[in-house]
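In: Output the structure for:
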Amino acid sequence: MKYITVLDFEAGRVFQYEVTEQDEFHAEDYYEICITQKGHKLSNCEWMIHDDNRIVVQTPHGEMKQLQSHYDITN
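Out: Numbering: from 1, shown residues only. Predicted structure coming up:
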């Protein structure tokens with residue numbers, strides 16, 4: 001399974017979407033279309049496709065923590 005993570009500068013938030021198996025075979029154009037259909041503007045965001053949906057943050061003391069091991073990202 002793959003995921004698209006979008007860093008949306010306009011919204012000031014990070015979004016993550018699950019990519020279905022059939023979607024994985026499409027070209028990069030497809031991913032850009034998928035992102036814009038979710039309401040993101042390609043000119044105002046960065047995005048990546050990846051296999052691991054875990055989110056890791058660094059605390060002010062330099063400690064790395066995983067936020068959640070599993071969560072619903074079906075939006």
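In: so what's K65 bridging to?
Out: Applying DSSP bridges to K65 yields these beta-bridge partners: V57.
In: Centroid-wise, who is the farthest residue in this structure?
Out: What lies farthest from the middle of the chain is H61; by Cα atoms, centre = their mean that is 25.9 Å.
In: From the chain's centroid, how far away is stretch 55-63?
Out: Computed by Cα atoms, centre = their mean, to the nearest Å, the chain-centroid distance of stretch 55-63 equals 19 Å.
In: which parts of that stretch are buried?
Out: Buried residues in stretch 55-63, counted by 16 or more other Cβ atoms under 10 Å: none are found. To be clear about C-beta, it is placed using only N, CA and C from the backbone, and glycine gets the same treatment.
In: mind saving the C-alpha coords of it as PDB?
Out: The C-alpha coordinates for stretch 55-63 follow below in PDB (Å, rounded to 0.1, in the frame of the first residue of the first chain):
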ATOM      1  CA  ILE A  55       4.300  10.100  11.300                       C
ATOM      2  CA  VAL A  56       7.400  10.900  13.400                       C
ATOM      3  CA  VAL A  57       8.000  14.200  15.200                       C
ATOM      4  CA  GLN A  58      11.000  15.600  16.900                       C
ATOM      5  CA  THR A  59      10.500  17.000  20.400                       C
ATOM      6  CA  PRO A  60      12.100  20.300  21.600                       C
ATOM      7  CA  HIS A  61      14.700  18.100  23.400                       C
ATOM      8  CA  GLY A  62      15.700  16.200  20.200                       C
ATOM      9  CA  GLU A  63      13.700  13.000  21.000                       C
END
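In: So for it, mean pLDDT?
Out: Per-residue pLDDT over stretch 55-63 has a mean of 79.
In: What strand or helix carries Y31?
Out: helix 28-37 (DSSP states H and E).
In: following that helix, which helix or strand comes up?
Out: Proceeding N to C from helix 28-37, the next assigned helix or strand is strand 45-50, under DSSP H and E.
In: In terms of secondary structure, what does that following strand contact?
Out: strand 2-8, helix 28-37 (3 or more Cβ pairs under 8 Å, 6 or more residues apart in numbering; DSSP states H and E).
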